[in-house]
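Enquirer: sequence first, predicted model second:
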Protein chains: 2
Amino acid sequence: MSPKPRATDVKDRLVEAAIRLLDDGGPESLQARKLAAEVGVSTMAVYTHFGGMAALVDEVVRTGFRKLSAALAEVGESDDPVADVFSLARTYRHTVAEQPQLFAVTFGQIAPGGKRATLSDLTTEAGREAANEGLEAFDHIVRATERAIEAGRFRPTDKYQAAAQLWSALHGFVTLEASGHFGPGEQGIDHILIPLGITLSVGLGDTVERAGRSAEAARAAWRAKTRNARQGGND
Amino acid sequence: MSPKPRATDVKDRLVEAAIRLLDDGGPESLQARKLAAEVGVSTMAVYTHFGGMAALVDEVVRTGFRKLSAALAEVGESDDPVADVFSLARTYRHTVAEQPQLFAVTFGQIAPGGKRATLSDLTTEAGREAANEGLEAFDHIVRATERAIEAGRFRPTDKYQAAAQLWSALHGFVTLEASGHFGPGEQGIDHILIPLGITLSVGLGDTVERAGRSAEAARAAWRAKTRNARQGGND
DNA sequence: ATCCAGGTATAACAGGGTTATGAAATACTG
DNA sequence: CAGTATTTCATAACCCTGTTATACCTGGAT
């Protein structure tokens, strides 16, 4: 079945190098020749392993969604589902802000070579898997929303509909922030994202006081987590 | 001062042709040679009038923001500012959905050739003007928010902060819808966008009943407008 | 009539993705 | 163990796209 798997990790190394080039030099650096030079192979590797640059980019997109989904999975579930929503928002925003170039590609917004990525016209296998990973990321928001409804914090409504509202708002903020609105640095979080979360929570049925306390709890949890991460040394 | 203004409208025709190519064939169709063929000139025209494809794309971006701003300006101001917010949302969504390729470029999300457009690294004059036009579009939301606060519908808060929340949510919905989530057609409007607007209005201080009535008023106004547009024949 | 300045076409160059081809390396087969 | 098939990879070319160098042409100024 496998006559010559001489260096099978070339495929993975190509994807890793692609993300590295992307982070460093933006989409214009994501070129077959640079990629090959980075890994130490010829450009043919791109075609034997992926079939072309488009499919390799699909794989990069898939990796982005997987990273996002993994980051959201790490948030876990506390006994305050609304605080969990705020934690998911902070994590979503942080993950994207850390690798803006990767996620610009991931969200189908930039595509090296000028291709569009409408999720409907995903042809490659990796592209379809990427769409699934994206839904998986969304599912974390759905579950937190469901628990908020069950806990009586949100009015009983369709959980997907409510989660889609939260996702829209969160994604819009992250996108606009990444595009340079809301100024540089982290000021957009306190000035817009957290107030936006409170507005939505209240609009979905929570009280201003409880939503505010949940936002504060999520902020404390976030500080503790980043402090541990810095002490721990990784990331 | 003007030695040979033989066909000065070439510049405008290039931008028009660029948008046409974009709408029809996506960003990959936006090429200097196709553009020149479409207008009936040589590729040199791109360089004498713009200096390169990048500057031409900046001009396309500027046109997109101007269209958006003009569409929002047409909404006008009624005596129900919250209904105006809903009307702005419908208009924003409709304008983008009508020319998804154009606005994918406009929002700096796709850039033919794989360039990024972070608003911070806009070098050309057209790029800076585009950013201003974008702020102008945002200003329509700010003004409606301001009137909602003055009318006592929204709690007194910073109008920019509240408007940024509305903008994030609206932009996020439009972006995700354009990427293919929320399914095809217009179902996302009733299922997500309008409920999202009600959620935000309530969260910002309005009552559920009044927000719902404003949403309904905006829907009626929208139907009347589209009916007139169809009868009128244009668009 | 002559000169000059700017727009234009032509043709070449540069740098991307892609492909044809052959060599090298491994697993299966006898 | 020899041979064969199959997969990976390097080389070199090909095509397409943005860009540029150059000469021409046009229209107004002198």
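Expert: Nice, I can see it. Residues are numbered from 1 along each chain as shown, chains lettered A, B, ... in the order given.
Enquirer: which residues touch the residue nearest in space to the middle of chain A?
Expert: Closest to where the C-alpha atoms of chain A average out (Cα atoms, centre = their mean) is residue A:68, at 3.4 Å. Counting by Cβ atoms under 8 Å, 6 or more residues apart in numbering or on different chains, residue A:68 touches A:92, A:95, A:96, A:103, A:106, A:133, A:137. All C-beta atoms are positioned from the backbone trio N, CA, C, and that covers glycine.
Enquirer: what about the closest residue to residue A:178 other than its chain neighbours, how many neighbours?
Expert: Leaving aside its sequence neighbours, residue A:178 sits nearest to residue A:100 (Cβ to Cβ, 6 or more residues apart in numbering or on different chains; 5.0 Å). Residue A:100: 18 surrounding residues under other Cβ atoms under 10 Å in any protein chain shown.
Enquirer: and the gap between residue A:100 and DNA strand D?
Expert: 24 Å (Cβ to the nearest atom of the strand, to the nearest Å).
Enquirer: ranges for the helices of chain A?
Expert: Taking DSSP state H, the helices of chain A run over residues A:10-25, A:32-39, A:44-49, A:53-73, A:81-98, A:100-106, A:125-150, A:159-178, A:187-188, A:194-203, A:208-232.
Enquirer: out of these, nearest to residue B:147?
Expert: Nearest to residue B:147, of all the helices of chain A, is helix A:194-203, at 17.9 Å by Cβ to Cβ.
Enquirer: so what touches that closest one?
Expert: Contacts with helix A:194-203, where a contact means Cβ under 8 Å, 6+ apart, come from A:82, A:85-86, A:89, A:153-154, A:165-166, A:169, A:173, A:208, A:211-212, A:214-215, A:219, B:157, B:161, B:164-165, B:168-169, B:198-204.
Enquirer: could I get the helices of chain A as JSON lines with mean pLDDT and distance to residue B:47?
Expert: Formatted as JSON lines, the helices of chain A follow (pLDDT from 0 to 100; distance: least, Cβ to Cβ, whole Å):
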{"stretch": "helix A:10-25", "mean pLDDT": "96", "distance to residue B:47": "25"}
{"stretch": "helix A:32-39", "mean pLDDT": "96", "distance to residue B:47": "26"}
{"stretch": "helix A:44-49", "mean pLDDT": "96", "distance to residue B:47": "32"}
{"stretch": "helix A:53-73", "mean pLDDT": "95", "distance to residue B:47": "27"}
{"stretch": "helix A:81-98", "mean pLDDT": "98", "distance to residue B:47": "37"}
{"stretch": "helix A:100-106", "mean pLDDT": "93", "distance to residue B:47": "28"}
{"stretch": "helix A:125-150", "mean pLDDT": "90", "distance to residue B:47": "36"}
{"stretch": "helix A:159-178", "mean pLDDT": "96", "distance to residue B:47": "32"}
{"stretch": "helix A:187-188", "mean pLDDT": "94", "distance to residue B:47": "39"}
{"stretch": "helix A:194-203", "mean pLDDT": "98", "distance to residue B:47": "44"}
{"stretch": "helix A:208-232", "mean pLDDT": "93", "distance to residue B:47": "49"}
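Enquirer: figure out which of these is closest to residue B:63.
Expert: helix A:159-178 (20.3 Å).
Enquirer: tell me the angle of that closest one relative to helix A:125-150?
Expert: On the basis of axes from the mean of the first three to the mean of the last three Cα atoms, to 10 degrees, helix A:159-178 is oriented at 120 degrees to helix A:125-150.
Enquirer: quick one, helix A:159-178 and helix B:194-203 angle?
Expert: 80 degrees.
Enquirer: what comes up buried for helix A:159-178?
Expert: In terms of neighbour count (16 or more other Cβ atoms under 10 Å in any protein chain shown), helix A:159-178 has its buried residues at A:159-160, A:162-178.
Enquirer: kindly report the same for stretch A:134-143.
Expert: Buried, per 16+ other Cβ under 10 Å, within stretch A:134-143: A:134, A:136, A:137, A:138, A:140, A:141, A:142, A:143.
Enquirer: repeat that for stretch A:212-230.
Expert: So, applying 16+ other Cβ under 10 Å, buried residues of stretch A:212-230: A:212, A:214, A:215, A:217, A:218, A:219, A:221, A:222.
Enquirer: any part of it near chain B?
Expert: No. Stretch A:212-230 stays clear of chain B (Cβ under 8 Å from any Cβ of the partner chain), getting no nearer than 12.1 Å.
Enquirer: and that stretch, how far out from the chain's middle?
Expert: Distance of stretch A:212-230 from the chain centroid (Cα atoms, centre = their mean, to the nearest Å) equals 19 Å.
Enquirer: try stretch A:148-160
Expert: 24 Å.
Enquirer: ok, the residue in chain A that chain B sits nearest to - contacts?
Expert: In chain A, the residue that lies nearest chain B is residue A:172 (2.4 Å; Cβ to the nearest Cβ). Residues counted as contacts of residue A:172 (Cβ under 8 Å, 6+ apart) are B:167, B:168, B:169, B:170, B:171, B:172, B:173, B:175.
Enquirer: that one and DNA strand D: what is the separation?
Expert: Counting by Cβ to the nearest atom of the strand, the gap from residue A:172 to DNA strand D is 30 Å.
Enquirer: same question, residue A:14
Expert: Residue A:14 is 9 Å from DNA strand D, by Cβ to the nearest atom of the strand.
Enquirer: need the nearest residue in space to that residue, chain neighbours excluded.
Expert: Once flanking residues are discounted, residue A:14 sits nearest to residue A:39: 5.7 Å by Cβ to Cβ, 6+ apart.
Enquirer: so is stretch A:126-145 next to DNA strand C?
Expert: No. Stretch A:126-145 does not reach DNA strand C (Cβ under 7 Å from any atom of the strand); its nearest approach is 14.2 Å.
Enquirer: so how far is that stretch off the chain centroid?
Expert: Averaging C-alpha positions (Cα atoms, centre = their mean) puts stretch A:126-145 10 Å from its chain's average.
Enquirer: please enumerate residues in contact with that stretch?
Expert: For stretch A:126-145, contacts defined as Cβ under 8 Å, 6+ apart pick out A:55, A:58-59, A:61-62, A:64-66, A:68-69, A:72-73, A:75, A:77, A:81, A:84-85, A:88, A:117, A:119, A:122, A:154, A:159-160, A:162-163, A:166-167, A:170.
Enquirer: good, wrapping up.
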